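Student: Sequence first, then the predicted structure, then my questions.
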Amino acid sequence: MPPLEPVRRLRAEALAPREFLRLRRSRIYAGDGVAHGDELPVLLIPAFLVDDASLSVMAHWLRRTGYRPRRSRLGRNVGCAERSLGRLERRLEHVSNQEGRRVVLVGHSRGGHFARVLAVRHPDRVAGIITLGAPPMDPRAVHAAVAAPAIALTLLGSAGVPGLMRSSCFVGRCCERFRSELAGPFPQKVPYVAVYSKSDAIVDWHRLSDRHAERVDVHASHIGLAVNKHAYAAVAAALQRFREEGDA
């Protein structure tokens, strides 16, 4: 993370509630100019340390604008990547079969990792993916405020505490396939939009370099990407394009 005013920038993350209030007053949240979603299913995948409740505002907005938001049912996102992905694969299969169509994946931060790898493994079930501030698998790309709890949880998981990521998830064979697919080729048939912010105090946007994604810069905090009017406008535009250009 660049050293420029890191403390002040991190404090800005605490202002995410203001972003939520601006969202509630915005035209995009009211649905003005948002094309009806035609009941397209959207699987929402939360960020590190949080669960589906963190994306409940987005789920409510999607439902009101004609989409069918679906929870990940992942629980708090702190587990082994490969095991968590296995649960998400089953969830994606269930939603896709139940809806009878392909599913859009929206992943916030670490949830974006899962969205990308799910699309790599199951392109025929994915209508498109949208990532919100998803960092690369690089500890230098995230602020110490996030890296520290990640290291602590990893140590606990390595010591045998169940349900937590372990050191082998990052450097061992446990999640070797996941890491390879996260950084590897991406299916051309699946549209991929990466929403990010140069105001993000958690993730270093300079390291967001996935050449397979269409990058969209918005003014938001990292936490606020889940409740930010500019991020929602980017999500709405991507969803509409997925519907118009694909067979979703």
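Tutor: Received the coordinates, thanks. Residues are numbered from 1 along each chain as shown.

Student: Tell me which residue lies nearest the centroid of the chain.
Tutor: The chain has G107 as the residue nearest its centroid, 1.8 Å off, counting by Cα atoms, centre = their mean.

Student: What are the boundaries of the strands in the chain?
Tutor: Ranges of strands within the chain are 41-45, 68-71, 103-108, 126-132, 192-196, 214-217, based on DSSP state E.

Student: Quick check: mean pLDDT of the fifth one?
Tutor: The one in question is strand 192-196. Throughout strand 192-196, pLDDT has a mean value of 96.

Student: again with the third one
Tutor: The pLDDT scores in strand 103-108 average 98.

Student: centre of the chain versus that strand, how much separation?
Tutor: Centre-to-centre, strand 103-108 and its host chain are 7 Å apart (Cα atoms, centre = their mean, to the nearest Å).

Student: next one: stretch 79-90
Tutor: In terms of Cα atoms, centre = their mean, the centre of stretch 79-90 is set 15 Å apart from its chain centre.

Student: if you average pLDDT over stretch 79-89, what comes out?
Tutor: 93.

Student: er, stretch 206-214 actually
Tutor: For stretch 206-214, mean pLDDT is 85.

Student: Could I get the buried residue list for that stretch?
Tutor: Buried positions in stretch 206-214, judged by neighbour count with 16 or more other Cβ atoms under 10 Å: 208, 210, 213. In this view, the C-beta of every residue, glycine as well, is placed from N, C-alpha and C.

Student: cool, stretch 59-72 as well?
Tutor: Within stretch 59-72, the residues that count as buried by 16+ other Cβ under 10 Å are 59, 61-62, 65, 67-72.

Student: likewise stretch 23-40?
Tutor: For stretch 23-40, a neighbour-count test (16+ other Cβ under 10 Å) marks 23, 28-29, 34, 37, 40 as buried.

Student: so how far is the first residue of that stretch from its last?
Tutor: Start-to-end span of stretch 23-40 (Cα to Cα, to the nearest Å) is 23 Å.

Student: got it, and stretch 195-214?
Tutor: 8 Å.

Student: now swap in stretch 200-217 and tell me
Tutor: Stretch 200-217 has its terminal residues 11 Å apart, counting by Cα to Cα.

Student: Next, the angle strand 41-45 makes with the helix ranked longest in the chain.
Tutor: If you go by DSSP state H, the chain has its longest helix at helix 81-99. Angle of helix 81-99 versus strand 41-45, following axes from the mean of the first three to the mean of the last three Cα atoms, to 10 degrees, is 160 degrees.
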